[in-house]
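S.K.: What follows is a predicted structure for the sequence shown.
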Amino acid sequence: MEEHSRLLSILGGIAMSIVGFQICRKVLPWIYANVLGPRLCGSSVNLAEMGEWAVVTGSTDGIGKAYARELARKGLKLVLISRSLEKLKTVAKEIGDEFGVEVRVIDVDFTGGMEIYEKIRTETAGLDVGVLVNNVGISYSHPEYFLDCYNADPKFLRNIVAANIHSVTHMTALFMPAMVQKRKGVIINLSSTAGVIPNPLLSVYSATKAFVNKFSDDLQTEYKTHGIIIQSVQPGFVATNMSKIRKPSVFAPSPETGRVR
Ligand SMILES: NC(=O)c1ccc[n+]([C@@H]2O[C@H](COP(=O)([O-])OP(=O)(O)OC[C@H]3O[C@@H](n4cnc5c(N)ncnc54)[C@H](OP(=O)(O)O)[C@@H]3O)[C@@H](O)[C@H]2O)c1
């Protein structure tokens, strides 16, 4: 009997060690990457050295606007791209006045077709773009079964793919050639935890974010030796219009909480 319970406690100890090891394996790198690393080492990337201009999509609200402000704080000139021209002009003035940098705006709806990218190409011609933030993204208004969602409005799911996937690939294709030529540049793609954890009832949105992760990872492998840094950012809930979370909390921080370092 005594031997039996000793064996059980040894097995229990082994099981606890395995669970503890697995938790440490996941948690410690996260703590280093998000808390200790940035505080102890800062960042080895000087964004302002990448080029004179930063381009941010979906930049009149939420996370995109927070990125735009932080990049302006670092002295980069901005090209803000969103849907509403009036909102763009207001945000451009606000950021330009506060940080004393030049801010240009381009109004496009990323659910459109290839004409969007021709317009952006024309209006950014000749700018030395060092940082591209592919932030624009749209999601469901509420969780929904795929077929119900599709039958209610098939175009809506197509729009999610256009805004969340096509924008990232075409914007990257637009600005990366000059970065590759000068052998420096940073591309920040907004993904989501939805792209890595099970997320039923938001299946198309989640799948677009999984695309962003995979695209970013493989592109980074392809272009690392060309001096290009590609990052896929995977936030959980953030208090923005998209999440409909009004009050920031520890579980849904405000977009301004995470600073670009
Ligand atoms: N909020 C979250 O909890 C969360 C979590 C994980 C990942 N994300 C990702 O983070 C990114 C930003 O999300 P957010 O929460 O900051 O969004 P948000 O607050 O809703 O802001 C969206 C921004 O994108 C613009 N926009 C929306 N649809 C557009 C379109 N079709 N064409 C052009 N511009 C458009 C909006 O411009 P207008 O004002 O002109 O419409 C606005 O500036 C998205 O990719 C999202 O998937 C968000």
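M.R.: Received the coordinates, thanks.
S.K.: May I have the phi/psi pair for Met179?
M.R.: Main-chain dihedrals, Met179, degrees, to the nearest 10: phi -70, psi -40.
S.K.: just the one 4 residues further on next, same as before
M.R.: For Arg183, the backbone dihedrals (degrees, to the nearest 10) come out as phi 60, psi 30.
S.K.: for Ile81, same thing?
M.R.: With angles defined as degrees, to the nearest 10, Ile81 sits at phi -130, psi 120.
S.K.: pretty sure it contacts Ile106?
M.R.: Yes: using Cβ atoms under 8 Å, Ile81 makes contact with Ile106 at a distance of 4.7 Å. Quick note: C-beta positions are derived from backbone N, CA and C, even for glycine.
S.K.: the more surrounded of those two?
M.R.: Ile81 (29 against 19; other Cβ atoms under 10 Å).
S.K.: Now do the more buried one against His166, distance only.
M.R.: 14 Å (Cβ to Cβ, to the nearest Å).
S.K.: before we move on, back to that, can you work out which residues contact both of Ile81 and Ile106?
M.R.: Common neighbours of Ile81 and Ile106, using Cβ atoms under 8 Å, 6 or more residues apart in numbering, are Ile120.
S.K.: For this structure, which segments count as strands?
M.R.: Along the chain, counting by DSSP state E, strands occupy 53-57, 77-82, 103-107, 129-134, 185-190, 228-233.
S.K.: Starting from the fourth one, tell me which strands it pairs with and how they run.
M.R.: If I follow you right, that is strand 129-134. Paired with strand 129-134 in the same sheet, following DSSP bridges, are strand 53-57 (parallel), strand 185-190 (parallel).
S.K.: The ligand is nearest to which of the ones you listed?
M.R.: strand 185-190 (4.0 Å; Cβ to the nearest ligand atom).
S.K.: Can you name the residue of the stretch 101-250 of the chain nearest to the ligand?
M.R.: Distances between the stretch 101-250 of the chain and the ligand by Cβ to the nearest ligand atom are smallest at Gly137, namely 2.2 Å.
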